[in-house]
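> mind folding the following:
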Amino acid sequence: MTERDPSASDNVDVSRIHQVLQTETGGRALTGPASVLLFIVPVVWSLFQLWIASPLPFIVNFGIFNSTEARSIHLAFATFLAFTAFPMFRGRHNEHIPWFDWILALAASFSSAYLFLFYDALSERPGAPILQDLIIALGGLVLLLEATRRALGLPLTVVAAVFITYSLAGPWMPDVIAHKGASLQKLASHQWLGTEGVFGVALGVSTSFVFLFVLFGALLEKAGAGNYFIKVAYALLGHMRGGPAKAAVVSSGLSGIISGSSIANVVTTGTFTIPLMKRVGFPATKSGAVEVAASTNGQLTPPVMGAAAFLMVEYVGISYLEVIKHAILPAMISYIALIFIVHVEACKLGMEGIERLNKPTLAQRMLTWVVLLLGLIVLTLAVYYGIGWIKTLLGDAAAWVLGPLLLVIYVALVAYGTRFPPLEIDDASTDMTQLPEVGPTVKTGLYFLLPVVVLIWCLTVERFSPQLSAFWATMLMIFIVLTQRPLQAFFRKRGELGRAIRNGWSELIHGLATGGRNMVGIGVATATAGIVVGTVTLTGIGLVMTEFVEFISGGNLMLMLIFTALISLLLGMGLPTTANYIVVSTLMAPVIVTLGAENGLLVPLIAVHLFVFYFGILADDTPPVGLAAYAAAAISGADPIRTGIQGFAYDIRTAVLPFMFIFNNQLLLIGLTGPVDLIITIVSAVVAILAFSAATQGFWLTRSYKWESLLLILIAFTLFRPGFWWDRVYPEYEQRPGSELVQQVEALVDMPQVDSIMMQASGPSITGEEELSTWLRLPLSEGDSGAERVMNMGIEGAPDGDVYTVDFIAFDSPADDARLDFGWTIDAIRVPQERPPRELVYIPAIVLLALIGWLQLRRRGRGDPSQAAPAT
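So this is what the prediction gives:
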């Protein structure tokens, strides 16, 4: 292989950035002084974000910004770049910025920075804006909508405009959605001059967390990690049936982990993967659909999830690690199923894998995997306990040992990588007849894993905030970008050290610029989505959505979930990932929580947010608006509607998962009792998703009969929801009258595995106009008797016939947190029952699965060989 030319890499990166901009938004490709300014501004933006994330402002006591000021400056950068980087109309003024765009850019950035520039004055008149405030606020809203239209297209702009109109025109709306309305003064103050609307939680998360992760991803890409991950995926999987497509799934998944947009993911990785899939025999439609499915799933995969993971921390009120833990299993099994679907498609097409340069035997492959697995385990334990020992021994001084140790490891890995030929950029115009060797390919870029390890270590072991964790990982990434070229030149003895140092600085500056440019869409999206959040708090439309879904579902729980999923799909069409989550979670998550509780379904809040998030993201490949499908079709040359339909067919497995984890929270790793329960949950989920994928594809070990596909769906349902059948044989709960509250709480003392109690409560609404009834789950408090435990839960009252009347609720108690109020009654209690483990229902399901497999093996053995699916 030839030496990888950094300048060639720069050209590739620039062309890919322009392609992302053109595909997503039609961004400008400028030349001259304007291009220099649009290069400097995002670099300054990136440096500003690094500054506010670092400990330096507090060390030097300079440049300290509070959260509102930081959000204001963040949005000022985003809106300025939105007006200067994107033309008013596509196809016009693509190579220069007209005078009116400069004026709009300065006006938008001034309006955005208004909260920072006049922070003290605004603090002295909260809720009482002067004329100047109103003009700036209303002008800022209009300019923000225009910036959003330019950077992201019409969908999010139209959604925000509809919500603004709804805020003002409440009294003239139909009765079912009418409200008293808001004045222009109230609207401006609420949406722009405070932290309830545009400058709310969503923009705060974009300012604090998201930018650093986007910058981290941009620096990884600039350093060559993107190409490295793609090459490794091809080296490991390319020899299998449909190997390039499987490699596309893995590489798109790796890219999606750090990408903030499924569309950008399609464009960047799809530029390489889609042509390669076509070259080995995949039809254009299916090539694009595989990339679309892999890229949309990347937005569902921790640790970033298109920035939604950080928003969930704020909206759900749990730690970042909890969000990752709950989201990991559905994402993992979804990718496993997609790889299986690709394998099935390859079998249907009679495809073979690409030949490796040095093809190992089966025994060699197994030995390699065993050694790799054992090596990773030993290395992980050595790092964890080794660093733990150093920290225990040296205390605060450990950083002065661990820092140099990390530096030594980095230099050693770079030196080791230079013993192998550098990786070339894949050329989509040539046929791939041979695969790169696994060992040399993996070893060339092992040092790229160090920033990821530092990020995970800071998050999981040190328990740093996501912002500080991303800061340290990004700082290491900056160091790698600056030093990898000089170190490689030194160890290869090429004598081009000066040029390598210049290339390192050039790549760093370009990486900072790319990070800033990539954040423009996310910055304006989170701000505009804040308008939706502000409208909900201003008008109470959330209650209207609950009543609407309840009306059209007729109170049926499953219909309620289906309608919520459809509305989330509708709301998510055309919206970027971050704005998508903000809109669907703000409007639809309370619907599931409220209506589910009324119907006896108490769902953890994280499950509800993941439910609406999944369906919002699936809008990216759902016709007729699926933007990711349009991006993939532009590369593959296929029809975008057909690509979207095929992509959604692949993503049916992803659409089923939210319904499953709503009813079976163990899929989110909630309520597990130990390691055995964890293993059973993971294995059953993997088998279930593979069975479901085989059923939807009509192919498992061979082509399936229709009755076999139906049985596979039944098996998958049983493995996903064993409680559905088991509850009919052994009910999980016994319902008792509310008057027995004290006795039943006392009886639960003998069931230590039970930490909460479910009760049905009813009483008047806040307005007193209607009677409410809902189910609540209260954590059991400590106490020597049932009466004491009830008292510690915050409830005081007495039995009254079959109900328990609540006379008093202690402030800030579990009962108060659950919205129980005095004057309400506890009508019923669900008491958990002792019963055999529900996992016993897996036995007949596995037996039936084995029977279908045996029948298909017999049929494959004596049938048409072309229908067989040999093992990879």
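> am I right that Gln735 sits in a strand?
Yes. According to DSSP: H, G, I helix; E, B strand; the rest coil, Gln735 belongs to a strand.
> can you give me the neighbour number for Ser123?
10 (other C-beta atoms under 10 Å). Backbone N, C-alpha and C define where each C-beta goes, glycine included.
> pretty sure it is in a strand, no?
No. Ser123: not assigned to a strand; according to three-state DSSP it is helix.
> if I look at it, how far off is Thr578?
The gap separating Ser123 from Thr578 is 28 Å, by C-beta to C-beta, to the nearest Å.
> what's the answer for Arg485, then?
In this view, Arg485 and Thr578 are 33 Å apart by C-beta to C-beta.
> quick one: which of those two has more around it?
Applying other C-beta under 10 Å to Arg485 and Thr578 shows that Thr578 carries more neighbours, namely 27 against 24.
> ok, and the closest non-adjacent residue to that one?
Nearest residue to Thr578 in three dimensions, chain neighbours excluded: Ala307, at 4.5 Å (C-beta to C-beta, 6 or more residues apart in numbering).
> give the contact list for the one you found.
Residues in contact with Ala307, defined by C-beta atoms under 8 Å, 6 or more residues apart in numbering, are 205-206, 209-210, 213, 260, 522, 526, 577-578, 581.
> where's the dip in pLDDT among the residues you listed?
Across the contacts of Ala307, the bottom pLDDT score, 59, is held by Gly260.
> domains of the protein?
Split into domains by automatic domain parsing, the chain comes to 11-179, 283-349+541-671, 733-834.
> just name the most buried of the ones you listed.
When the domains of the chain are scored by mean count of other C-beta atoms under 10 Å, the highest mean neighbour count falls to domain 283-349+541-671 (a mean of 23).
> go through the chain and flag its longest helix.
Secondary structure of the chain per DSSP state H: the longest helix is helix 497-539.
> chain center to that helix, what's the gap?
The chain centroid and the centroid of helix 497-539 are separated by 17 Å, computed with C-alpha atoms, centre = their mean, to the nearest Å.
> stretch 485-503 too?
Offset of stretch 485-503 from its chain centre (C-alpha atoms, centre = their mean): 38 Å.
> and what of stretch 668-688?
Centroid separation for stretch 668-688 versus its chain: 22 Å, with C-alpha atoms, centre = their mean.
> then stretch 184-195 to CSV, C-alphas only?
Output of stretch 184-195 as CSV, limited to C-alpha atoms (Å, rounded to 0.1, in the frame of the first residue of the first chain):
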residue,chain,number,x,y,z
LEU,A,184,-47.5,39.1,22.1
GLN,A,185,-45.8,40.5,25.2
LYS,A,186,-46.4,37.2,27.1
LEU,A,187,-45.2,35.1,24.1
ALA,A,188,-42.0,37.1,23.6
SER,A,189,-41.2,37.1,27.3
HIS,A,190,-41.9,33.4,27.7
GLN,A,191,-40.2,32.2,24.5
TRP,A,192,-37.1,34.5,24.3
LEU,A,193,-36.4,36.5,27.4
GLY,A,194,-36.4,33.6,29.9
THR,A,195,-35.4,29.9,30.1
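> tell me the mean pLDDT over that stretch?
Across stretch 184-195, the average pLDDT comes to 89.
> measure the residue nearest to Thr578 to Phe613 for me?
Taken as C-beta to C-beta, the span from Ala307 to Phe613 is 11 Å.
> pull up the overlap in contacts between those two.
Joint contacts of Ala307 and Phe613 (C-beta under 8 Å, 6+ apart) are Tyr581.
> where do the helices sit along the stretch 651-800 of the chain?
Under the criterion DSSP state H, counting those that start in this stretch, helices of the stretch 651-800 of the chain are mapped to 652-663, 675-697, 706-720, 722-729, 741-747, 786-792.
> what average pLDDT does the fifth one get?
If I follow you right, that is helix 741-747. 85.
> other SSEs contacting that helix?
When contacts are defined as 3 or more C-beta pairs under 8 Å, 6 or more residues apart in numbering; DSSP states H and E, helix 741-747 packs onto strand 756-764, helix 786-792, strand 825-832.
> need the ones you listed in TSV with mean pLDDT, can you?
Converted to TSV, the helices and strands packed on helix 741-747 look like this (pLDDT from 0 to 100):
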stretch	mean pLDDT
strand 756-764	87
helix 786-792	86
strand 825-832	88
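> for beta bridges, what are the partners of Val803?
Legend: beta-bridge partners of Val803 under DSSP bridges are Asp800.
> per-residue confidence for Ile766?
Looking at Ile766, its pLDDT stands at 67.
> give me the number of residues near Leu538?
When counting by other C-beta under 10 Å, one arrives at 22 neighbours for Leu538.
> how far away is it from Leu47?
36 Å.
> wait, what's in contact with the residue nearest the centre of the chain?
Nearest to the mean C-alpha position of the chain, counting by C-alpha atoms, centre = their mean, stands Met305 at 1.8 Å. Met305 makes contact with 299, 312, 327, 577, 613, according to C-beta under 8 Å, 6+ apart.
> give me the mean pLDDT for the one helix or strand Ala34 maps to.
Per DSSP states H and E, Ala34 falls inside helix 33-53. For helix 33-53, mean pLDDT rounds to 91.
> stretch 803-814 too?
For stretch 803-814, mean pLDDT is 88.
> swap in stretch 445-457?
Averaged over stretch 445-457, pLDDT sits at 84.
> check which residues of that stretch are buried.
Neighbour counts using 16 or more other C-beta atoms under 10 Å place 445-448, 450-452, 454-455, 457 of stretch 445-457 among the buried residues.
> quick check: the farthest pair among the contacts of Ala307?
Spatially, the most separated pair among the contacts of Ala307 is Phe213 and Tyr581, at 14.8 Å (C-beta to C-beta).
> which residues does Ala53 contact?
208, 212, 467-468, 470-471.
> now stretch 583-595 - C-alpha only, PDB.
Below are the C-alpha coordinates for stretch 583-595, written out as PDB (Å, rounded to 0.1, in the frame of the first residue of the first chain):
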ATOM      1  CA  VAL A 583     -40.800  17.500  20.200                       C
ATOM      2  CA  VAL A 584     -42.000  14.000  20.500                       C
ATOM      3  CA  SER A 585     -41.000  13.600  24.100                       C
ATOM      4  CA  THR A 586     -42.600  16.900  25.100                       C
ATOM      5  CA  LEU A 587     -45.900  16.200  23.400                       C
ATOM      6  CA  MET A 588     -46.300  12.400  23.500                       C
ATOM      7  CA  ALA A 589     -44.400  11.100  26.600                       C
ATOM      8  CA  PRO A 590     -46.900  12.600  29.000                       C
ATOM      9  CA  VAL A 591     -49.700  10.900  27.000                       C
ATOM     10  CA  ILE A 592     -48.300   7.400  27.700                       C
ATOM     11  CA  VAL A 593     -47.600   8.200  31.300                       C
ATOM     12  CA  THR A 594     -51.100   9.600  32.000                       C
ATOM     13  CA  LEU A 595     -53.200   7.200  30.000                       C
END
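> residues contacting it, please?
Contacts of stretch 583-595 (C-beta under 8 Å, 6+ apart): 159, 311, 315, 529, 532-533, 536, 541-542, 545-546, 549-550, 553, 557, 560-561, 564, 567-568, 571-572, 575, 603, 605, 608-609, 611-613, 615-616, 662, 774.
> in helices, which of these fall?
Taking DSSP H, the ones among those that sit in helices are 159, 311, 315, 529, 532-533, 536, 541-542, 545-546, 549-550, 553, 557, 560-561, 564, 567-568, 571-572, 605, 608-609, 611-613, 615-616, 662.
> run through the helices of the stretch 201-350 of the chain in chain order.
201-205, 211-223, 225-237, 243-258, 262-279, 284-298, 308-316, 320-348.
> show me what the fourth one is packed up against.
I take that to be helix 243-258. Here helix 243-258 touches helix 211-223, helix 225-237, helix 262-279, helix 284-298, helix 320-348, going by 3+ C-beta pairs under 8 Å, 6+ apart.
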